[in-house]
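*Asks:* Predicted model and sequence below, questions to follow.
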Amino acid sequence: MRQRTRPALARRLGNSLVAVLVLGIVAVVNRPMVAGAAEALHDFSINRQSYKQAYGHWAGLPVPADFRINAIHAALLHTGKVLIVAGSGNNREAFEAGTFRTVLYDPATDRFSEVPTPTDVFCAGHTFLPNGNLLIAGGTEKYEVLPENIEHAYGVMKLKNESATGSARTFPKGTKLRSEGGYEYQTRDDVTLPAATQMKHGHKVMTHPGEVEVFVDAVEKGDAPIVTAPQQYTVEGLTGKDRRNIYGLSDKITREKQEYGGDEESYEFDPLTERYIRVGDMVKNRWYPTLAELPNGDVLAVSGLDEFGRMIPGDNEKYIAAQKRWVDAPELQRTFPTYPALHLMENGNLFYSGSNAGYGSDTVGRTPGVWDVRTNRFTEVPGLRDPRLTETSTSVLLAPAQEQKVMILGGGGIGESEVSTRRTDIIDLRQTEPRYQPGPDLPAPARYLSAVLLPDDTVFTTGGSSGYRGGRYGDLTRSDLFNAQIYRPSENAFATAAESTVGRNYHSEAILLPDGRVVTLGSDPLYDEAGKGPGTFEKRIEVYSPPYLYQGERPAITGGPEQVQRGTTVGFDTPQAARITAARLVRPSAVTHVLDVDQRSVALDVTPKTGGVDLSIPKSKGLVPSGWYMLFLLDDRQVPSVARWVRVS
Ligand SMILES: [Cu+2]
C-alpha cells in the first residue's frame, strides 16, 4: 500500500484508540481498526469544504461494467462528450478476435454509450479538424511477437523488377524465394510488383526498378535458415529473362522480436452522428504517429512504425482536409522518435519540445527545435536539462498561448531505462534566440505525467510513475505517483493539489471538461502490485474538481453566437459583466500516451458592457487554428464559468 502522510490529529486519535484497545483486546485485532480510524479521518479531512477550497477534490466515476474499456485514447468532442477509444486495447486476444472498442461518456448526464469501431485504431494518431471531426490515422495492423514464439526465421524481403518492358506482376502468398545457401522462404501475403520505370537524365536513360516489400518466413524451422547479412534471393518458378530481372533482396532473416506493425487506414470521427467515417488511406502505414494541425487546417503526420515494425525514417505526409485524403510530403523530410510532441506556433512553425511519448533511437531526432514547415529548416534550441530523459515526458503550450511558452515535464531514459527526472523546463519562443530555462522541480521523478491546461492559466499535473510503466523504481516495487500539483505561471511554482486514489502510468489520459473539472482515465502497468505477475489495465475513471469550483458563485455565459471569426469582436451575455476580468478560448484535448498537442488556451481582450462583454478574437491562424473551442469567462477571483462551445473560423 502507498504511504500517505497523516495529520497529527490522526496519529493522536490512533494512539488513544490503541491505549483503549490494549486493555482487553489482542493486538491482532486492533491493527486494522486503527488503520480504519485513520482512514476515516483522512476521508473526513479531504471532504471538508476548507480542504476542497485549497486543494480541490477527487471523485470516482461509476462506470457500468459494459463500458469499462481500456482507455488508450481520449478526446473531448464539441458535443461535450468524451470519446474513449481502446481499439484492441493492448490485448492480443481482442486483436485476434477482431474486438475493437469505442465508448462515449457524457459528463453532463454520466451516461455511457457504445460506438462501432471499424478497425484496430489502437495507437493511432489524432487531432481535431476545423469541421469539428476528430481525424484518426494509423493504428495496429500486427501485434508484436516475442523471440520465444518465433519458430521460423523471418524477415522483410524486397522484391525487385529490373524489366521495364513487361507489366506489373502478381506473386501470391506462399511464393518461395531461395537463398545462396539453398534455404527456402515463403511470402506471407499476395503482392503486386510494378515494372521498372525509365527516366531520361540528360542524354542517359536510367532504369528505376519496380519494388515491393513483403514478410517472408523460412520454410524450415530453427536457426539454420538465419541470414545476418544483406543477400540476393532467386524467385522460384521464374525462368529465362524473368529469373535475371526479378529477384529478392533482404537485409537479414532472423528470429529476433517482431515489433508491432502500423496500419494505413484513416477516419474522421463525427461528433454529431457519433460514427467513424472512412477517409483516404495514409501513404505510409503508421503505428504511434503524431498528427499536428497546420494553420490552414491541413494536418501533418510524422513518425511511427511501418507495417513491418520499422521506424519510419523521416517520411512525413499531409492530410488535405478539403479533399479528405493523404499526400506524401517529401519536402518535409525529418526524423522524430514515435509520438513526438509538436506544438503549432503563432507564426505557423511547429515547435518540437523534445518530448516523445513512444520510443525511438537514442541519438536521432532527439534535439528540440523550431521546425519551419514551409522551408523544412529546423533550428535547434539549447538549454534543455536532462536532454537524454525526454522519452515518456510531457509538454504543454502554456496559457495564454499568446505568450508562446512551452513547458516540458519529467520523462526518462529510452526504452525500459530505470532513470527518470523531476525536471521541468520552460522556453519562451518569442525570443530571437529561444532557450529552455529551468522551471520548478516536480515532487518526484515522473514519466507519463498528465498536464492539463485549466481555464485560469494554471496547469494541473497528475498521475505518472517514477519507473517504467509503473514498475520498479529504487526500493519501490511499484512506482505510481498519487500526488497532484498545479503549476502557477505567475509564481513559476507548483502548488499541492489533492491526491488521486488511482495511479496512472502508460496509456493514460487527463482531459479538461467544459464544466471546469478534469477527467482521468487509463493506465497500463507492466506488473501487478507484487511486481511479479503481469499488470492489469486500469479501467477506473476519476474526476478532479479544482479549487476554483469551491469558491462560491461562478460567472455564467447566458448567450452569444455559436460561430465567431478571427479578427472580430463579438458580444456574449453574462449577468456578472462588471466582474469579468478575463476570457479564454480553450481548444479541446485529444490525448494518447499523455501526448496532447491539440491543447491550447487563447486569451481574448474583454470589454464589459451592460449585460455582457465584448470579446476580441485574435487574427492569427497559428494562434487560433479553425475549429471548436470552449469559451470560459473568468471573474476577478479567477473563477471560471462553465464553458460555452464556439466554432472559430
Ligand atoms: Cu501504446
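*Replies:* Thanks, I have it.
*Asks:* And what about Thr170, helix, strand or coil?
*Replies:* Local secondary structure at Thr170 is given as strand here, using DSSP: H, G, I helix; E, B strand; the rest coil.
*Asks:* can you pull the contacts of it?
*Replies:* Thr170 is in contact with Asp190, Val191, Thr192, Leu193, counting by C-beta atoms under 8 Å, 6 or more residues apart in numbering. For the C-beta atoms, the positions are set from N, CA and C on the backbone; glycine is no exception.
*Asks:* Got phi/psi on the last one?
*Replies:* By that I understand Leu193. Main-chain dihedrals, Leu193, degrees, to the nearest 10: phi -100, psi 110.
*Asks:* Could you tell me how many residues sit around it?
*Replies:* Burial of Leu193, expressed as a neighbour count using other C-beta atoms under 10 Å, amounts to 19.
*Asks:* Let me see the contact set for it.
*Replies:* Taking C-beta under 8 Å, 6+ apart as the definition, contacts of Leu193 comprise Leu159, Lys160, Asn161, Ala168, Arg169, Thr170, Phe171, Gly210, Glu211, Val212, Ile246.
*Asks:* let's see it at 10 Å
*Replies:* In this structure, Leu193 makes contact with 158-161, 168-171, 209-212, 214, 235, 246, judged by C-beta atoms under 10 Å, 6 or more residues apart in numbering.
*Asks:* In the stretch 1-150 of the chain, what residue spans correspond to helices?
*Replies:* Using DSSP state H, counting those that start in this stretch, the helices found in the stretch 1-150 of the chain span residues 8-21, 27-46, 49-55, 92-97.
*Asks:* related to what we said a few turns ago, taking the contacts of Thr170 one by one, which sit in strands?
*Replies:* The strands in this structure, assigned by DSSP state E, contain Val191, Thr192, Leu193 from those.
*Asks:* from those residues, which is closest to Leu453?
*Replies:* Ranked by distance to Leu453 (C-beta to C-beta), the ones in strands among the contacts of Thr170 are led by Val191 at 46.9 Å.
*Asks:* what's the spacing between that closest one and Asp120?
*Replies:* When distance is defined by C-beta to C-beta, to the nearest Å, Val191 is 22 Å away from Asp120.
*Asks:* Which stretches in the stretch 251-400 of the chain count as helices?
*Replies:* According to DSSP H, counting those that start in this stretch, the stretch 251-400 of the chain contains no helices.
*Asks:* Can you classify Ile511 as helix, strand or coil?
*Replies:* strand.
*Asks:* Please report the number of neighbouring residues for it.
*Replies:* 24.
*Asks:* Identify the bridge partners of it.
*Replies:* Beta-bridge pairing of Ile511, defined through DSSP bridges, involves Val519.
*Asks:* Ala75 is in contact with that one, correct?
*Replies:* Yes: in this structure, Ile511 is within contact of Ala75 by C-beta atoms under 10 Å, at 7.6 Å.
*Asks:* residues shared between the contacts of the two?
*Replies:* Common contact partners of Ile511 and Ala75 (C-beta under 10 Å, 6+ apart): Val82, Leu83, Ile84, Pro588, Ser589, Ala590, Val591, Asp596.
*Asks:* just to revisit the earlier point, going through the contacts of Thr170, which ones are buried?
*Replies:* Of all the contacts of Thr170 considered here, the ones buried according to neighbour count by 16 or more other C-beta atoms under 10 Å are Val191, Leu193.
*Asks:* Any chance of CSV for the contacts of Thr170, columns pLDDT and distance to Asn492?
*Replies:* Output for the contacts of Thr170, formatted as CSV (pLDDT from 0 to 100; distance: C-beta to C-beta, whole Å):
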residue, pLDDT, distance to Asn492
Asp190, 97, 59
Val191, 96, 57
Thr192, 96, 59
Leu193, 97, 60
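*Asks:* Tell me the one among the contacts of Thr170 nearest to Thr424.
*Replies:* Proximity of the contacts of Thr170 to Thr424, judged by C-beta to C-beta, is greatest for Val191, which lies at 48.7 Å.
*Asks:* picking that back up, now list the buried members of the shared contacts of Ile511 and Ala75.
*Replies:* Looking at the shared contacts of Ile511 and Ala75 with 16+ other C-beta under 10 Å, the buried ones turn out to be Val82, Leu83, Ile84, Pro588, Ser589, Ala590, Val591, Asp596.
*Asks:* closest to Asn492 among these?
*Replies:* Nearest to Asn492 among those: Asp596, at 21.9 Å, using C-beta to C-beta.
*Asks:* Provide a list of residues in contact with the closest one.
*Replies:* For Asp596, the contact set (C-beta under 10 Å, 6+ apart) comprises 74-75, 127, 341, 357, 394-397, 450-453, 509-512, 587-590.
*Asks:* what does Lys142 give?
*Replies:* Here Lys142 is in contact with 95, 120, 215, 258-263, 285, 287, 305, 307-309 (C-beta under 10 Å, 6+ apart).
*Asks:* quick one: which of the buried ones among the shared contacts of Ile511 and Ala75 is nearest Lys609?
*Replies:* Nearest to Lys609 among those: Pro588, at 28.3 Å, using C-beta to C-beta.
*Asks:* how about Asp189, what does it touch?
*Replies:* Contacts of Asp189 were listed using C-beta under 10 Å, 6+ apart, and they are Phe171, Pro172, Lys173, Gly174, Thr175, Val214, Phe215, Val216, Glu307.
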